[in-house]
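Peer 1: Predicted model and sequence below, questions to follow.
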Amino acid sequence: MSSFTAAGTSYVHLGVNMITFYFYSSMFGFQRIGDLIWAAADSKAKGFLLGATAGRTTLNGEGLQHQDGHSHLLASTIPTLLTYDAAFAYEIAAIVKDGLRRLYAEGEEYFYYLTLYNESYPMPAMPEGAEEGILKGLYKIKPATRGKKYKAHIFGSGPLLREALRAQEFLAEQFDVAADVWSATSYKLLRGDVLRTKRWNMLHPTAPPKLSYLESVLQNEEGVFVAVSDYMKMVPDQIAPWVPGGLTTLGTDGFGRSDTRPNLRRFFEVDAELSAVATLYALHQKEAFPASVVEEAIKKLDVDPEKPFPFYL
């Protein structure tokens, strides 16, 4: 703190940081003022970019020009931007709290991008021990409690995490599949940590190899892995090379459309029913059961196998 006197009046400068929270429509951020975001990174800006009304199926009824399915891809190109796609309020709280510590208490030179949505749904309490995984990009939010014959894992982000949780119920009740559900809060951070770890191992060939966070949490998990996102498939695909046995991804490739949320999610093939079908198909590919089981599930879950591929529509 410093002070000075001018014209008989005393002034006090507290030296307090201004903490910036900038809200905007996620569709109109990176693609329209991307150069300014790069300039912010170049000048070592700190603070939080909050991309509101995010997602390609969550902002229903707004059509092509407003439904964002790609800002996380554009954000992934900026090295000092820490990106998160949170599903629940406690995740956002944990991220912002940690960001304040890192940026202003410890002086790290990053800034944050968080996508926020306009869909109303219940906000649960934070599971015990979840904070580390929230910040690093992935944690198991609901282990399977039913289903015994087959094992699977579903990664969900943002509001589509709730579709993953619904798919967990379908799979257990109708197909005897025990599917653990994970919240994937940041594919970019997971990928960056893997690349950092691989680089260290390459440059220290005689030292015991290190494991990235992603590899350490998945190394003892069995079964197939499926990811569902309200963003393009390339967002979860960022971690596909390091998921045991590969990753089946569902995303919203294509133009936005005006419709209800259930119809949009069925159109882009990211709802609970398609998540369940994708999980069953991944199990079939591992020779868990014949293709006829998947075909039966497609009929049972009322999925139209002849509908057009949304990428080109």
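Peer 2: Sure, I can see it.
Peer 1: going forward, measure contacts and count neighbours with C-alpha atoms only.
Peer 2: Fine.
Peer 1: so residue 130 touches residue 138, yeah?
Peer 2: No. Here residue 130 does not reach residue 138: they are 9.1 Å apart, not a contact under CA atoms under 8 Å.
Peer 1: quick one, which of those two is more surrounded?
Peer 2: Neighbour comparison, residue 130 and residue 138: the larger count goes to residue 138, with 25 against 17 (by other CA atoms under 10 Å).
Peer 1: And the more buried one, its phi and psi?
Peer 2: The phi/psi pair for residue 138 (degrees, to the nearest 10) reads phi -160, psi 130.
Peer 1: distance of it from residue 161?
Peer 2: When distance is defined by CA to CA, to the nearest Å, residue 138 is 12 Å away from residue 161.
Peer 1: what's the overlap in contacts for these two?
Peer 2: In terms of CA atoms under 8 Å, 6 or more residues apart in numbering, residue 138 and residue 161 are both contacted by the residues residue 183.
Peer 1: Helices along the chain, start to end?
Peer 2: 30-42, 71-75, 89-100, 131-136, 160-175, 187-203, 213-218, 261-267, 272-285, 291-300 (DSSP state H).
Peer 1: Check those for me and report the most buried one.
Peer 2: Ranked by mean neighbour count, the helices of the chain are led by helix 272-285 with a mean of 24 (mean count of other CA atoms under 10 Å).
Peer 1: quick one: contacts of it?
Peer 2: Outside of helix 272-285, the residues within contact range by CA under 8 Å, 6+ apart are 150, 152, 154, 163-168, 170-171, 223-226, 228, 248, 250, 266, 269, 289-291, 294, 297-298, 301, 303.
Peer 1: Now do it against helix 291-300, angle only.
Peer 2: If you take axes from the mean of the first three to the mean of the last three CA atoms, to 10 degrees, helix 272-285 sits at 170 degrees to helix 291-300.
Peer 1: Could you pull up the mean pLDDT of helix 272-285?
Peer 2: Mean pLDDT, helix 272-285: 98.
Peer 1: Output the below-cut-off pLDDT ranges for the stretch 1-150 of the chain.
Peer 2: 1-14 (pLDDT under 70).
Peer 1: Apply 90 and report the result again.
Peer 2: Flagging of the stretch 1-150 of the chain using pLDDT under 90 yields the residue ranges 1-19, 28-29, 31-34, 59-66, 146-148.
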